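>>> Got a sequence here, can you build the structure:
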Amino acid sequence: MTRLSVNINKIATLRNARGGNVPDLIDFALKIEKYGANGITVHPRPDERHIKYNDVIALKRTVQNELNIEGNPKEEKFVQLVLDTLPEQVTLVPDSNNQLTSDHGWNTFTEKKFLIEIIEVFKKKGIRTSIFVDPEENIVAGAAETGTDRIELYTENYAKEYLIDPKRAIDPFINAALKANELDIEINAGHDLDLINLNYFSKNIKGLKEVSIGHALISDALIYGMEITVGKYLNELNRP
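Numbers count the residues shown, from 1 in each chain. Predicted coordinates for the structure are as follows:
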């Protein structure tokens, strides 16, 4: 069964728009777990425009299932946050400070030395590591040389192409997943997966361990409510 980790950045964005603590991020995280999600994902950024560093510390104290922290390990503050909180998983993303959202994966060749070193830092603390990559077989092969436990396939292009030609959209991801399986790297995926394209993706990617979904799921919760929405995503992940 593919696990669902819910990215709660957008809940923090709504809270921060007015200050205060409405909606209550921690309460929502616990509710999302109660409704069946297998984990909580957060992506703190240096400007703390949504998830704040103190949120991560509070979540680590209260989340019952997996906590996955995403971010750029070239930011010393991010690295220290991960080492202080010891999440079950850290996902390394090559974002710049002013980036609106993640839009590319690591070049596992030009960044190989850096990735080897930083992954070793986290693995020494028992934290599972995942690195954000584009669906290219050579990039996946490069990831295998970094010591990472998992890759996270960046799925924005899949989501765009799916509406035009699902088979053409999925093919690069199938090939990348096969390479990862061959090299014994576990697979996560995320970015723009939703109720329309999730089932097709999960059925076709062999060995898919986990998906991280935020923007679409939180938006759908405005329509259906959070409990029903989490159930819908779990159903799409696991139905034939």
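
>>> Find the nearest non-adjacent residue to the residue most central in space within the chain, please.
When the chain is reduced to its mean C-alpha position, the closest residue under C-alpha atoms, centre = their mean turns out to be Ser212, at 4.0 Å. Closest residue in space to Ser212, ignoring its immediate chain neighbours: Gly190 at 3.8 Å, by C-beta to C-beta, 6 or more residues apart in numbering. C-beta here means a position set from N, CA and C on the backbone, and glycine is covered the same way.

>>> give the contact list for the one you found.
Asn7, Thr41, Glu152, Leu153, Tyr154, Thr155, Val211, Ser212, Ile213 (C-beta atoms under 8 Å, 6 or more residues apart in numbering).

>>> If we use 7 Å, what do you get?
The neighbourhood of Gly190, defined by C-beta atoms under 7 Å, 6 or more residues apart in numbering, consists of Glu152, Thr155, Val211, Ser212, Ile213.

>>> Show me the shaky parts of the protein.
Applying pLDDT under 70 to the chain flags the ranges 96-103.

>>> for it, what spans make up the helices?
Under the criterion DSSP state H, the chain carries helices at the ranges 9-18, 25-34, 53-62, 76-85, 112-123, 137-144, 156-162, 166-182, 198-204, 215-224, 226-238.

>>> now these as CSV including mean neighbour count?
CSV is the format used below for the helices of the chain (neighbours: other C-beta atoms under 10 Å):
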stretch, mean neighbour count
helix 9-18, 16
helix 25-34, 18
helix 53-62, 16
helix 76-85, 16
helix 112-123, 16
helix 137-144, 19
helix 156-162, 18
helix 166-182, 18
helix 198-204, 19
helix 215-224, 17
helix 226-238, 18
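
>>> Of those helices, which is nearest Pro46?
Between Pro46 and the helices of the chain, the shortest gap by C-beta to C-beta is with helix 76-85, which sits at 6.8 Å.

>>> Check what contacts the closest one and list those residues.
44, 46, 53, 56-57, 60, 69, 71-73, 90, 122, 125, 127.

>>> May I ask which two of those are separated the most?
Comparing every pair within these by C-beta to C-beta identifies Pro46 and Lys125 as the most remote, at 21.9 Å.

>>> Counting neighbours around each, name which of the two comes out higher.
Neighbours of Pro46 and Lys125, each counted by other C-beta atoms under 10 Å, are more numerous for Pro46; the result is 15 against 11.

>>> Quick check, that one in contact with Gly71.
No: contact criterion C-beta atoms under 7 Å: Pro46 and Gly71 do not qualify, at 9.0 Å.

>>> hang on, the earlier thing: how about CSV for the helices of the chain, with distance to Ile131 added?
Below are the helices of the chain laid out as CSV (distance: least, C-beta to C-beta, whole Å):
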stretch, distance to Ile131
helix 9-18, 19
helix 25-34, 24
helix 53-62, 19
helix 76-85, 14
helix 112-123, 6
helix 137-144, 6
helix 156-162, 16
helix 166-182, 11
helix 198-204, 19
helix 215-224, 21
helix 226-238, 22
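
>>> and of those, who's closest to Gly105?
With distances scored as C-beta to C-beta, the stretch of those nearest to Gly105 is helix 137-144 (6.8 Å).

>>> Please name the spatially closest residue to Lys10 (chain neighbours excluded).
Ile218 (4.2 Å).

>>> what separates that neighbour from Glu161, distance-wise?
Going from Ile218 to Glu161 by C-beta to C-beta, to the nearest Å gives 23 Å.
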